[in-house]
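Visitor: I'll drop the sequence and a predicted model, then ask my questions.
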Amino acid sequence: MDDPHLGFVGGRIDITFAGKKPTAIEAYDALMYLRQQAYVEKASFGATANLLTTVSVIAAAGNFDEAFLSGGDAEWGSRVSALGYRGAYAPEARVFHPARRTVPEIVRKTRRIVGGEAVLARRLDASLLHIAREELWRATGQYLTIIRGAGTLGPFLIMAVAGLTGLLRLVRIDEWIKVSLGKAAER
């Protein structure tokens, strides 16, 4: 990291499955999360599952904000970018990360993500309309991701992942209602 404008390096994250082929939950997890190259190149942050930075960048940008249950890496990356640093993707810096395998695990992850989004929404004083619009964009993006990944999944797994996506959409709505009513987000 000799480049003074390099704020962080995000390495490749390979999702692993319990068996030779993923279950619907594992396929959903692999399609929707830890897409490190896209995070680094399009969203200017790196998932902490494989992230490298320097003490000087942390000193300049600050630590991760503990208020975020999830999404703190994206928030931190936006602070790093605002300081003029950039990220780099390093596919050769590779880690293996197990996919979530059970419905409770993926539901907990979904609720935790909403908790992080709620922190950001409060800080931005986002309106209910803004949140609803973001939810629509997220849903559209998820279904497009499923369509793009269709070639590797097969028709039955595609239907199962699409159904799980719909179920998790309801979980997201439930969690948004809960945090909007002042209840603590799930960790």
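Guide: Structure received.

Visitor: for this structure, what are the low-confidence residue spans?
Guide: By pLDDT under 70, the weakly predicted segments of the chain are 1.

Visitor: what about Ala99, distance to Glu105?
Guide: 9 Å (CB to CB, to the nearest Å). For the C-beta atoms, the positions are set from N, CA and C on the backbone; glycine is no exception.

Visitor: oh, that last question was meant for Gly11, not what I typed.
Guide: 23 Å.

Visitor: those two: which is more packed in?
Guide: Gly11 (21 against 13; other CB atoms under 10 Å).

Visitor: show me what contacts that one?
Guide: Gln36, Gly46, Asn50, Leu51, Leu52, Tyr89, Ala90, Pro91, Glu92, Ala93, Arg94, Val95 (CB atoms under 8 Å, 6 or more residues apart in numbering).

Visitor: what's the answer for Gly10, then?
Guide: So, once contact is read as CB under 8 Å, 6+ apart, Gly10 ends up touching 36-37, 39-40, 45-47, 50-52, 87-90.

Visitor: restrict the helix or strand containing it to CA atoms and write it as CSV.
Guide: Taking DSSP states H and E as the definition, one finds Gly10 inside strand 6-16. Extracted as CSV, the C-alpha positions of strand 6-16 are listed here (Å, rounded to 0.1, in the frame of the first residue of the first chain):
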residue,chain,number,x,y,z
LEU,A,6,-5.0,4.1,-1.6
GLY,A,7,-7.3,3.9,1.4
PHE,A,8,-8.0,0.2,1.5
VAL,A,9,-7.7,-3.1,-0.4
GLY,A,10,-10.7,-5.5,-0.6
GLY,A,11,-9.7,-9.0,-1.3
ARG,A,12,-11.6,-11.7,-3.1
ILE,A,13,-14.2,-13.6,-1.0
ASP,A,14,-15.2,-17.1,-2.1
ILE,A,15,-18.4,-18.4,-0.6
THR,A,16,-18.3,-22.0,0.4
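
Visitor: given it, what are its sheet partners and their directions?
Guide: With DSSP bridges as the test, strand 6-16 is paired with strand 51-53 (antiparallel), strand 86-98 (parallel).

Visitor: and among those strands, the most buried is which?
Guide: Greatest average neighbour count among the strands paired with strand 6-16 goes to strand 51-53 (a mean of 19), per mean count of other CB atoms under 10 Å.

Visitor: who's in contact with it?
Guide: Met1, Gly7, Phe8, Val9, Gly10, Gly11, Asp73, Val80, Ala90, Ala93.

Visitor: if we go to 10 Å?
Guide: The contact list for strand 51-53, computed with CB atoms under 10 Å, 6 or more residues apart in numbering, reads 1, 6-11, 13, 36, 39-40, 45-46, 61, 73, 76-77, 80, 85, 87-88, 90, 93.
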